[in-house]
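In: what shape does this take:
(one chain, ligands or ions: 2)
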Amino acid sequence: MVLRATGNRHTAPGNQKNEAGNRKPGTVNMCTGCPGLCCKLVVELSSYDIMRIMLRENKSTDDFLLVVDAADDDAYKFQVLGKYAKFVMQMRENNSCIFLDETARLKCVIEKSKPAICIAYPYSFRDGHLVMRDDKRCPTENLRRARYAQHMHSIMESNMWEWDRYAEIVEDWNASAKGSETPGEFMNFATKEMELETSPLGSVYRKFLRLFRKREH
Ligand code: SF4
Ligand code: SF4
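Out: Numbering: from 1, shown residues only. Ligands and ions are numbered 1, 2, ... in the order given. Okay, here's the model as predicted:
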């Protein structure tokens, strides 16, 4: 799964909402009538996605995060416990994302904290270009409506920024890690390196710190 990101810093995703409750950026309801087929794919997470879900949704990592072995060609694999790993979203036994509300509305219940990769689907970024992913599951009729591609670059800028920064963090970690560290130690390292104050998560991070400090006193 390749999703390179550089920048939006605060461009909100579009407000188009499909019958399945998913929102897709752009001018058309691309997802209308689709039962959220992309919510049954592995969702790779960056440290920014993880932090956003924790801060905005008030979740702990146990609620949604999994650490799995990475494949050789995974772009964002980090060294822990003597092997390469990556972060992914937990799934239910039926392979749907744990944040997919499987009632009739099939809504993403973390709409405002949706991972970058979910916002971009069925596109990903390669070498600064938007490309259709090989694993696209969108029904043909929905793909025909995918006229929002021209809007995706601006919408995805912050997401791209996050993924580019995450790639640097992973690279720095892999260059200095002994390999015996744990995923938790990697996440602590990433958290320090994420420049949260100035990232798109700055405001929610500062609010979290204020509440945290209040609780400490
Ligand atoms: S986070 Fe939301 S959009 Fe992404 S896979 Fe899960 S339910 Fe679908
Ligand atoms: S599979 Fe395609 S059409 Fe269906 S919800 Fe996902 S992005 Fe929308």
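
In: the longest helix anywhere in the chain - what's its average pLDDT?
Out: Counting residues, the longest helix found in the chain (DSSP state H) is helix 157-176. Across helix 157-176, pLDDT averages out at 89.

In: elements contacting it?
Out: When contacts are defined as 3 or more CB pairs under 8 Å, 6 or more residues apart in numbering; DSSP states H and E, helix 157-176 packs onto helix 47-57, strand 78-80, helix 116-120, helix 183-193. For glycine as for every other residue, the C-beta is placed from the backbone atoms N, C-alpha and C.

In: tell me the buried residues in the longest strand seen in the chain?
Out: Counting by DSSP state E, the longest strand found in the chain is strand 83-89. Of all the residues in strand 83-89, those buried under the rule 16 or more other CB atoms under 10 Å are 84, 85, 86, 87, 88, 89.

In: among these, which are in reach of ligand 1?
Out: Among these, no residue sits close to ligand 1 (CB under 6 Å from any ligand atom).

In: what's the closest of the residues you listed to ligand 1?
Out: Using CB to the nearest ligand atom, residue 89 is the member of those that lies nearest ligand 1, at 6.1 Å.

In: next one: the residue nearest to the closest one when sequence neighbours are not counted from residue 87, what distance?
Out: Closest residue in space to residue 89, ignoring its immediate chain neighbours: residue 43 at 4.0 Å, by CB to CB, 6 or more residues apart in numbering. Between residue 43 and residue 87 the distance is 10 Å, computed by CB to CB, to the nearest Å.

In: show me what contacts the residue most central in space within the chain?
Out: What sits nearest the mean C-alpha location of the chain, by CA atoms, centre = their mean, is residue 115, with 2.6 Å. Contacts of residue 115 were listed using CB atoms under 8 Å, 6 or more residues apart in numbering, and they are 43, 45, 46, 49, 52, 53, 89.

In: circling back to that earlier point, what angle sits between the longest strand of the chain and helix 157-176?
Out: 160 degrees (axes from the mean of the first three to the mean of the last three CA atoms, to 10 degrees).

In: can I get strand 83-89 in PDB? Just the C-alpha atoms.
Out: Taking C-alpha atoms only, strand 83-89 is exported to PDB below (Å, rounded to 0.1, in the frame of the first residue of the first chain):
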ATOM      1  CA  LYS A  83      11.900  -7.700  12.400                       C
ATOM      2  CA  TYR A  84      10.000  -5.100  10.300                       C
ATOM      3  CA  ALA A  85       6.500  -4.200  11.300                       C
ATOM      4  CA  LYS A  86       3.800  -1.600  10.500                       C
ATOM      5  CA  PHE A  87       0.700  -0.200  12.100                       C
ATOM      6  CA  VAL A  88      -2.800  -1.200  10.800                       C
ATOM      7  CA  MET A  89      -6.400  -0.800  11.900                       C
END
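
In: could I get the average pLDDT for it?
Out: Summarised as a single mean, pLDDT over strand 83-89 is 97.

In: tell me what it is packed against?
Out: Strand 83-89 sits against helix 47-57, strand 65-69, strand 78-80, with contacts defined as 3+ CB pairs under 8 Å, 6+ apart.

In: what is residue 69 paired to in the beta sheet?
Out: Residue 69 has these beta-bridge partners by DSSP bridges: residue 85.

In: count of residues packed around it?
Out: 10 (other CB atoms under 10 Å).
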